[in-house]
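Visitor: no sequence on this one, just coordinates:
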């Protein structure tokens, strides 16, 4: 549930709906395949942790060298700023759709700041159980609302089956490949995949039984993620959308025309739950990544879910406040630089899992990755290197023009 809630962000949600609006149901297969590939990556993360007792970030630092702290640390800070700003902005748009506070721009800023600070309070004071309860409510709301919206639109079941079982690229449009890659790469999150290790640490999992348990709940989480992404493609296929910061409100307006006022409000509640749960998941888990980068060492028991660590709390304050400055501006050129810097994260993750989980001296013979999993990770590496390379070239062209 936490995997599904954190991995579904506003950008992924709107990318799927825009893909559906432009190309109908032809890209349903991409949402399903993208979720499957993320399952392989997260299974590798869990496998490493069950074998070694350390998170993947701790493994990077201790096994790959001190340089990882600086390279991934710089990336993580940049990612936190832009992702935190995007999540706060998305929550601002969602809050504005439900209850406007003045004009659109002012309301987005106000609601974005309010959601960020509420998320900070929940994580700072609430503990893991409180966090789970909020995430359970948000996940239920987002899933039910979006699924109900998709069902009320009465999509063509034959077209759904064809879009899911016959992989094809949209023809007649140069943006078809870009949207295909966007759906494949966006569904299920990027850096937030690393969050899973900290949640299974909370559950006290270890050993071979921990790997088996992780496979099951990752399958459930990514099944929910795939269904949610496909539902957004279905919703988008029934309306006409333009890309922009308020595309979600435009989509809600279009649904009001198709389904009446009830359809609009059902979708807005689901959209709010999706973006706030994503914000809450990032606020709770990403500070653990930073804390592991700067305070490795000591016993696993001492590190376990230690939200009192100064590094954790300091980064939580950072991600909940500094990115709010982006609510006042788009900073397009800075975002392009970030895209250049971050485009290789997913292939890097796949590559390190291939290397680290095949070293018997590191994980032991029983936890080494089998040939089927290695083939899947190799295919994932190739695909995400292609996606990342395309994003890199596109961002560089835009920076140079």
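Guide: Right, received. Where do you want to start? Because the structure is predicted, anything quoted here is derived from the model rather than measured.
Visitor: check the offset of stretch 265-285 from the chain's centre.
Guide: The chain centroid and the centroid of stretch 265-285 are separated by 12 Å under Cα atoms, centre = their mean, to the nearest Å.
Visitor: should've said stretch 209-229
Guide: 14 Å.
Visitor: likewise stretch 79-97?
Guide: 13 Å.
Visitor: show me where pLDDT drops low in the stretch 1-150 of the chain?
Guide: 9-11 (pLDDT under 70).
Visitor: what ranges do the helices span in it?
Guide: 2-7, 10-23, 28-52, 56-64, 67-98, 104-152 (DSSP state H, counting those that start in this stretch).
Visitor: so for residue 212, which of these sits nearest?
Guide: Of all the helices of the stretch 1-150 of the chain, it is helix 28-52 that lies closest to residue 212, at 9.3 Å by Cβ to Cβ. C-betas here are computed from N, CA, C, even on glycine.
Visitor: from the contact counts, what lies against the closest one?
Guide: helix 56-64, helix 157-165, helix 176-186, helix 196-202, helix 207-237, helix 345-356, helix 360-363, helix 371-400 (3 or more Cβ pairs under 8 Å, 6 or more residues apart in numbering; DSSP states H and E).
Visitor: now the ones you listed in CSV, with mean neighbour count and distance to residue 39?
Guide: CSV is the format used below for the helices and strands packed on helix 28-52 (neighbours: other Cβ atoms under 10 Å; distance: least, Cβ to Cβ, whole Å):
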stretch, mean neighbour count, distance to residue 39
helix 56-64, 21, 16
helix 157-165, 14, 17
helix 176-186, 21, 13
helix 196-202, 22, 11
helix 207-237, 21, 5
helix 345-356, 20, 13
helix 360-363, 13, 19
helix 371-400, 16, 9
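Visitor: can you tell me which of the ones you listed has the worst average pLDDT?
Guide: Least confidently modelled of those is helix 176-186, at a mean of 75 by mean pLDDT.
Visitor: which neighbouring elements make contact with that one?
Guide: If you count contacts as 3+ Cβ pairs under 8 Å, 6+ apart, helix 176-186 packs onto helix 10-23, helix 28-52, helix 371-400.
Visitor: hmm, 10 Å instead?
Guide: helix 10-23, helix 28-52, helix 207-237, helix 371-400 (3 or more Cβ pairs under 10 Å, 6 or more residues apart in numbering; DSSP states H and E).
Visitor: just how off-centre is the shortest one within its chain?
Guide: Relative to the mean C-alpha coordinate of its chain, helix 10-23 is positioned 15 Å out (Cα atoms, centre = their mean).
Visitor: and stretch 206-214, by the same measure?
Guide: 23 Å.
Visitor: and the contacts of that stretch?
Guide: Residues outside stretch 206-214 that contact it (Cβ atoms under 10 Å, 6 or more residues apart in numbering) are 42-43, 45-51, 53, 196-197, 199-200, 203-205, 300, 366-367.
Visitor: do stretch 120-128 as well
Guide: Residues contacting stretch 120-128 (Cβ under 10 Å, 6+ apart): 130-135, 198-199, 202-203, 279-285, 287, 305, 307, 312-313, 316-317, 319-321.
Visitor: now stretch 58-69
Guide: With Cβ under 10 Å, 6+ apart as the test, stretch 58-69 has contacts from 45, 48-49, 51-52, 54-57, 71-73, 194, 197, 292-297, 300, 303, 348-349, 352, 355-357, 359, 362-363.
Visitor: gap between the two ends of that stretch?
Guide: Terminal residues of stretch 58-69 are spaced 10 Å apart (Cα to Cα, to the nearest Å).
Visitor: repeat for stretch 188-204
Guide: End residues of stretch 188-204 are separated by 24 Å (Cα to Cα).
Visitor: tally of neighbours for the nearest residue to residue 117 once chain neighbours are set aside?
Guide: Nearest residue to residue 117 in three dimensions, chain neighbours excluded: residue 320, at 6.7 Å (Cβ to Cβ, 6 or more residues apart in numbering). Using other Cβ atoms under 10 Å, residue 320 has 26 neighbouring residues.
Visitor: Three-state assignment for residue 320, please.
Guide: Using DSSP: H, G, I helix; E, B strand; the rest coil, the secondary structure recorded for residue 320 is helix.
Visitor: related to what we said a few turns ago, now the buried members of the contacts of stretch 120-128.
Guide: Buried subset of these (neighbour count, 16 or more other Cβ atoms under 10 Å): 131-132, 134-135, 198-199, 279-285, 287, 307, 312, 316, 319-320.
Visitor: and the residue nearest the centre of the chain, what does it touch?
Guide: Against the mean C-alpha coordinate of the chain, by Cα atoms, centre = their mean, the closest residue is residue 189 at 2.3 Å. By Cβ under 10 Å, 6+ apart, the contact set of residue 189 is 3-4, 6-9, 12, 38, 42, 83, 195-196, 225, 278, 281-282.
Visitor: how about residue 364?
Guide: Contacts for residue 364 (Cβ under 10 Å, 6+ apart) come out as 51-52.
Visitor: and residue 258, by the same measure?
Guide: Applying Cβ under 10 Å, 6+ apart to residue 258 gives the contacts 149, 152-154, 235, 238-239, 264.
Visitor: find the pair from these with maximum spatial separation.
Guide: 154 and 264 (17.0 Å).
Visitor: comparing the two, which shows the higher neighbour count?
Guide: More neighbours surround residue 264 than the other of residue 154 and residue 264, with 21 against 11 (other Cβ under 10 Å).
Visitor: what mean pLDDT does the helix or strand hosting that one get?
Guide: Using DSSP states H and E, residue 264 sits in helix 261-294. The average pLDDT for helix 261-294 rounds to 90.
Visitor: angle of it against helix 207-237?
Guide: Orientation check (axes from the mean of the first three to the mean of the last three Cα atoms, to 10 degrees): helix 261-294 against helix 207-237 gives 140 degrees.
Visitor: quick check: buried residues in helix 261-294?
Guide: So, applying 16+ other Cβ under 10 Å, buried residues of helix 261-294: 263-293.
Visitor: ok, stretch 70-89 next?
Guide: Buried, per 16+ other Cβ under 10 Å, within stretch 70-89: 72, 75-76, 79-89.
Visitor: these two touch, right, residue 219 and residue 39?
Guide: Yes. Counting by Cβ atoms under 10 Å, residue 219 touches residue 39, with 6.6 Å between them.
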